[in-house]
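>>> Need coordinates for the below:
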Amino acid sequence: MKIYRLTIFILLTIGSAIYLSSCAMIDKIELLSAPSGAKVYLVPLYRYESDPNLVTDEAKLAEFLVPEGRTPVTTRALEKVYVVVFDLNGKKQITKIDVVHGHTNQAKVVFQ
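Numbers count the residues shown, from 1 in each chain. Got it, this is the predicted structure:
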């Protein structure tokens, strides 16, 4: 019984390592807003779907802040689907971006 549990743990760990290594780091992800000056957060879609209230929780959202600064900003991220949260003076706009190697990776919102 103990060997069986250990085998499952090893397989899950190996499976996670394979999944993580299959995601390439993508440069030149452009995040734009009009007007400019918005803080931007790149939240992996699976994290957003598991906790949609994350967008309103500043403490949880802080983990995903784009470190390069405010819009317009260029950053890098792993190849996957993200929910992009733009925050301009407390007003938030949300959009999705599918970060893919070899594509134009850009997200833009317009604040009214």
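>>> what about Ala59, distance to Thr104?
Look at Ala59 and Thr104: by C-beta to C-beta, to the nearest Å, they are 33 Å apart. Where you see a C-beta, it was placed from the backbone N, CA and C, and this is true even at glycine.
>>> How about Leu61?
26 Å.
>>> who's more crowded, these two?
Legend: neighbour count by other C-beta atoms under 10 Å for Leu61 and Thr104, higher for Leu61 (17 against 8).
>>> Tell me which helix or strand the residue lying closest to that one once chain neighbours are set aside sits in.
Ranked by C-beta to C-beta, 6 or more residues apart in numbering and with sequence neighbours excluded, the top spatial neighbour of Leu61 is Tyr41, at 5.4 Å. In this assignment (DSSP states H and E), Tyr41 forms part of strand 39-44.
>>> Helix or strand with the lowest mean pLDDT in this protein?
Counting by mean pLDDT, DSSP states H and E, the chain has its least confident helix or strand at helix 2-21, which shows a mean of 47.
>>> Cool, thanks, signing off.
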